[in-house]
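Chemist: My questions are about this predicted structure, shown below with the sequence.
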Number of protein chains: 2
Amino acid sequence: MKHKNIMKSAALVTLLSSAPAMADWQALPDVAPAPKNNPTTEAKVTLGKMLFMDPRFSSTGTVSCNSCHNVMEGGDDSRTFSMGVHGKTGGRNAPTVWNAAFHSVQFWDGRADLLEDQAKGPVTNPVEMGVSEIEQAMNKVRAIPGYKPYFEKAFGNDSMTVDNAARAVAAFERTLITPDSPYDRYVKGDKKAMTAQQVRGMDTFASTGCNSCHSGAAFNGPEMAFGQGFYAKFPTFDNAYVKKYDLATDKGREEATGKAADAHMFRVSTLRNITDTAPYFHNGAVNNLSEAVRVMAKSQLNKDLSDADVKDIVSFLGALTGVYPEITMPRLPATSGHSLVADK
Amino acid sequence: MKHKNIMKSAALVTLLSSAPAMADWQALPDVAPAPKNNPTTEAKVTLGKMLFMDPRFSSTGTVSCNSCHNVMEGGDDSRTFSMGVHGKTGGRNAPTVWNAAFHSVQFWDGRADLLEDQAKGPVTNPVEMGVSEIEQAMNKVRAIPGYKPYFEKAFGNDSMTVDNAARAVAAFERTLITPDSPYDRYVKGDKKAMTAQQVRGMDTFASTGCNSCHSGAAFNGPEMAFGQGFYAKFPTFDNAYVKKYDLATDKGREEATGKAADAHMFRVSTLRNITDTAPYFHNGAVNNLSEAVRVMAKSQLNKDLSDADVKDIVSFLGALTGVYPEITMPRLPATSGHSLVADK
C-alpha cells in the first residue's frame, strides 16, 4: 500500500478512507482557523505585527521574528539555515510564516501545537534571538511605555504577559494568508486562470501521488485539529539523493519526542508559494524546485519522473503562489531618550 | 569668539554674519531637497524602498539598509555600534535615516557628499553588508527578474546599474522626513502646540548657545549646498566627560581626509526625533538624553547647566519629534524556485 509512509494512524485512516482517485481540489479559505481561546481581533493583530517586527527583544537588538520569516519576501529568509544573533546558524531551514496558520502543528517536527506556542521558541533559542529567559525579553517589552495601550486594547488591563504577547503574534500570523492564486481561481471555476501546462502539471501531481500527502487547501494534508499533526517519513525510500543531500541525518520528530517510532518523521509542509521559499527541505539542501520535485517523487513515492513531468509539476506549483496582502509597517514605540539595547 | 569650534571657513562666515541674537526658528519643509541630476520621482521611491528593505544583497543575505536604519523605529538600530554580517560591529553609532535628506553631507565625518554616495558605502563595508565588490551585490539585484521593470520605470531601459540603484535608494530616503512636530506647529503659529516647559526649554536652548551649531529647520546648521558640510569640533573643551565617555579617541573627519586640521571634526547632527535615537554621539557612549545635553553644554560651550535647565531643554527636544509617515511594506520580488543566498 503506497500510504505506508504516513505515521499517525488516525491520519492514516482518514486518508485511506477518504482519498479519492481524483484529488479533492480545495481553494484556500479567506480566513485562517484560530483556537477558541484566542479569537483573532484587530487589536491583537495590530499588536502582534508590532511585536513580530520588533528586533529589540533579542539579545543583540538585531533579530526579530521577521528577520527569518520576512513577510516582505516568501515568509522565510532564503537561507539554507537561518542566521540568528552573532551570526550563529541553526540546523533546520526556516519554514515560511505565510499560511503557517493552516498547519495544525508548528515547526518541522511538530513540537508546538499552536502558533501561540511556536512564537515563544525562537526567543530563547541561543542561535536565534538568544535571550536566556523569555521573561527577560518580556521585561524589555514592558519597559517600552508605548506598548502598554496596545496590550490593554487587545487583552485588557495588566495584560503584559508572555502568553498574551504570543497570542498577539499568533493573531497577526493568522492574517498572513495568500488566497487568490491562479490555482484557487481555477478551482473556483475560472478555467483560464491556469495555463495548459499548469493544468497538465496538476494532473501529473495527482497521478504521481504527490497529493497523498500534499492534499487539502494548503497542500499540507487533510484538515486536522490543532495539535494533531500530519506527518510523513522523509525519506521513505532510500536512493542516491538521500546521500547526496544528506536527507537522513536529521531524525526529525524523534529529536523532539525521543521515540524511535518518530524517526525521520516530519510535518508535511504546505506547498503554497513554494516558488518563493527556496531552498527546500528541512535541511535546505536543495536549491532548485525542479530537483526538489525529483527528490520527493523518488524518496517518497519511489518514482522517477520524466523531465517533462517535472516541468509540468513545477509549472503547476507556480500556480500555488497567491496574492500577498499589502501590509503597513508598524511604528515601533520608542523608549524616549534612552535605548534598551545599547551597551550601557 | 565663541564660534571658534566651527571649522569650514565658508560655514563660519555664514554663521557669523547671519546668526541673530534671537534664534531664527524654522519649521521643517514638506519636501527634502534633491540634487539636480536625481529629481525625486514616485518610480524611484518605489524601487528605492524595495532595495532599502532587501537583505539579499548582503554577503549573508541577512542585512539590509533597514537593519541598521530601521524606519519602523527612529531610523537607527538603538545599538551603540551597529551589528553587520556575522555579528561584526563597527566603530560609530548609526545615524538616523529620518531627515538625513536635510544633511548637506553624509556620515559622521561627511565623507559622502550625497545620499546617493552614502548608499553605496555599507554594501562593501566588511562589518556591515560585507560584500567584496559592489558589482557583486548589483549582480544579485540583476539576478532577480522582478526588479527589472522597476528599474525600467524609474530610469529607462538597460538601467540596472549601481549608480541607479543608489539614486533610487536616495530618492526613497528623501521621503523619510518628519514634519508637523509640536515645534513645527508652534513656529507656524499654534502657540498651544508646545507645553510651557517646552517653550522655556526652547529659550534656554537658544540662550545657552545650542543653536550656534544646531540651527536651521533640521537643527543641523545653516542650509548649505550639497557636499559643503557644516562641521564642529567635538569635543571643543576638555572636561571630565571627555574621558568618561571616551569622546576624543575618534579623530572624526581627519580619519576621512587625513588632514590634521580635520581632527575631531564631526558633521553637526540633526536633533529631529532625538528622543527616538538613543544612544548618543558618534561613539554611542551616552545612553541618556539628559546626560547628552549636559555633555554637549560642557564640551561645546563650556557651560554647566542646572538640572532645571537640562530638564527644560530635554522637554523642548521632545517637541522636535515629528510625525512619521505611514509606509507600506514593499513586496520583494522572488527568484522563482531557487535562492540567491542559500549555501549552494
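Modeler: Here it is on my side, so go on. Numbering: from 1, shown residues only, chains lettered A, B, ... in the order given.
Chemist: count of neighbours near A:Gly146?
Modeler: 13 (other Cβ atoms under 10 Å in any protein chain shown). Yep, even glycine has a C-beta here, placed from its N, CA and C like the rest.
Chemist: OK, contacts around the closest residue to it other than its chain neighbours?
Modeler: Among residues not flanking A:Gly146 along the chain, A:Pro333 sits closest, at 2.2 Å (Cβ to Cβ, 6 or more residues apart in numbering or on different chains). The contact partners of A:Pro333, taken as Cβ atoms under 8 Å, 6 or more residues apart in numbering or on different chains, are A:Met50, A:Ile144, A:Pro145, A:Gly146, A:Tyr147.
Chemist: ok, the residues you listed vs B:Ala297, which is closest?
Modeler: A:Pro145 (27.2 Å; Cβ to Cβ).
Chemist: Next, give me the two most distant ones among the contacts of A:Pro333.
Modeler: It's A:Met50 and A:Pro145 that sit farthest apart of these, by Cβ to Cβ, at 13.4 Å.
Chemist: Which one's more surrounded, the two?
Modeler: Between A:Met50 and A:Pro145, counted using other Cβ under 10 Å, the more crowded position is A:Met50 (23 against 11).
Chemist: residues in contact with the more buried one?
Modeler: Contact partners of A:Met50, counting by Cβ under 8 Å, 6+ apart, are A:Tyr147, A:Tyr150, A:Pro330, A:Arg331, A:Leu332, A:Pro333.
Chemist: Show me which of the contacts of A:Pro333 is closest to chain B.
Modeler: Chain B has its nearest neighbour among the contacts of A:Pro333 in A:Met50, at 8.5 Å by Cβ to the nearest Cβ.
Chemist: OK, contacts around A:Ile177?
Modeler: Listed by Cβ under 8 Å, 6+ apart, the contact partners of A:Ile177 are A:Leu28, A:Pro29, A:Asp30, A:Val31, A:Ala32, A:Trp98, A:Asn99, A:Ala101, A:Phe102, A:Gly322, A:Pro325.
Chemist: ok, and the closest non-adjacent residue to A:Ser269?
Modeler: A:Ser269's closest residue in space is A:Asn220 (Cβ to Cβ, 6+ apart), at 6.0 Å.
Chemist: related to what we said a few turns ago, export the contacts of A:Met50 to a markdown table and tack on distance to B:Phe230?
Modeler: Formatted as a markdown table, the contacts of A:Met50 follow (distance: Cβ to Cβ, whole Å):
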| residue | distance to B:Phe230 |
| --- | --- |
| A:Tyr147 | 37 |
| A:Tyr150 | 39 |
| A:Pro330 | 34 |
| A:Arg331 | 30 |
| A:Leu332 | 30 |
| A:Pro333 | 32 |
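Chemist: where in the stretch 101-250 of chain A is pLDDT low?
Modeler: For the stretch 101-250 of chain A, no stretch has pLDDT under 70.
Chemist: hang on, A:His282 packs against A:Lys251?
Modeler: No - if you go by Cβ atoms under 8 Å, A:His282 and A:Lys251 don't touch, sitting 10.5 Å apart.
Chemist: Comparing these two, which residue is more hemmed in?
Modeler: Between A:His282 and A:Lys251, A:His282 has the larger neighbour count (other Cβ under 10 Å), namely 20 against 15.
Chemist: Spell out which helix or strand contains that one, please.
Modeler: Per DSSP states H and E, A:His282 falls between elements, in no helix or strand.
Chemist: for A:Lys44, same thing?
Modeler: Using DSSP H and E, the element containing A:Lys44 is helix A:42-53.
Chemist: Alongside chain B, which residues does the stretch 151-300 of chain A contribute?
Modeler: Counting by Cβ under 8 Å from any Cβ of the partner chain, the stretch 151-300 of chain A comes close to chain B at A:Thr275, A:Asp276, A:Ala278, A:Pro279, A:Gly284, A:Ala285, A:Asn287, A:Asn288, A:Leu289, A:Ser290.
Chemist: Is it possible to get CSV of these that adds secondary structure and pLDDT?
Modeler: Putting those into CSV (DSSP: H, G, I helix; E, B strand; the rest coil; pLDDT from 0 to 100) gives the following:
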residue, secondary structure, pLDDT
A:Thr275, helix, 98
A:Asp276, helix, 98
A:Ala278, coil, 98
A:Pro279, coil, 98
A:Gly284, coil, 98
A:Ala285, coil, 98
A:Asn287, coil, 98
A:Asn288, coil, 98
A:Leu289, helix, 98
A:Ser290, helix, 98
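Chemist: Wasn't A:Gln300 part of a helix?
Modeler: Yes - assessed with DSSP: H, G, I helix; E, B strand; the rest coil, A:Gln300 lies in a helix.
Chemist: So what's the residue count around it?
Modeler: 23.
Chemist: show me the residues around it that make contact.
Modeler: Taking Cβ under 8 Å, 6+ apart, one finds A:Asn5, A:Cys213, A:Ala232, A:Phe234, A:Pro235, A:Thr236, A:Phe237 in contact with A:Gln300.
Chemist: 10 Å instead?
Modeler: Shown in contact with A:Gln300 (Cβ atoms under 10 Å, 6 or more residues apart in numbering or on different chains): A:2, A:5, A:208-210, A:212-214, A:232-237, A:268.
Chemist: Tell me which of the contacts of A:Pro333 fall in helices.
Modeler: Among the contacts of A:Pro333, the members found in helices (DSSP state H) are A:Met50.
Chemist: Serialize the contacts of A:Pro333 to TSV and add fields for distance to A:Leu301.
Modeler: Shown next, in TSV, are those (distance: Cβ to Cβ, whole Å):
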residue	distance to A:Leu301
A:Met50	44
A:Ile144	51
A:Pro145	56
A:Gly146	53
A:Tyr147	49
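Chemist: Where strands are concerned, which of the contacts of A:Pro333 count?
Modeler: Using DSSP state E, no member of the contacts of A:Pro333 falls within strands.
Chemist: ok, the contacts of A:Pro333 vs B:Val169, which is closest?
Modeler: Nearest to B:Val169, judged by Cβ to Cβ, of the contacts of A:Pro333 is A:Met50 at 25.4 Å.
Chemist: Sort out which residues of the helix holding A:Lys44 are buried, please.
Modeler: Within helix A:42-53, the residues that qualify as buried are A:Lys44, A:Val45, A:Thr46, A:Leu47, A:Gly48, A:Lys49, A:Met50, A:Leu51, A:Phe52, A:Met53, counting by 16 or more other Cβ atoms under 10 Å in any protein chain shown.
Chemist: do the same with stretch A:143-160
Modeler: A:Ile144, A:Tyr147, A:Lys148, A:Tyr150, A:Phe151, A:Ala154, A:Phe155, A:Ser159, A:Met160.
Chemist: Name the nearest residue to the third one, sequence neighbours excluded.
Modeler: With Cβ to Cβ, 6+ apart as the criterion, A:Lys148 has its nearest non-adjacent residue at 6.7 Å, and that residue is A:Met160.
Chemist: which residue does the stretch 151-300 of chain A bring closest to chain B?
Modeler: Nearest residue of the stretch 151-300 of chain A to chain B: A:Leu289, at 3.3 Å (Cβ to the nearest Cβ).
Chemist: Tally up the residues packed near that residue, please.
Modeler: With other Cβ under 10 Å as criterion, A:Leu289 counts 22.
Chemist: Now do the residue nearest to it when sequence neighbours are not counted against A:Cys210, distance only.
Modeler: Distances taken as Cβ to Cβ, 6+ apart put B:Gly337 closest to A:Leu289, at 3.3 Å, once the chain neighbours are dropped. For B:Gly337, the distance to A:Cys210 equals 16 Å [Cβ to Cβ, to the nearest Å].
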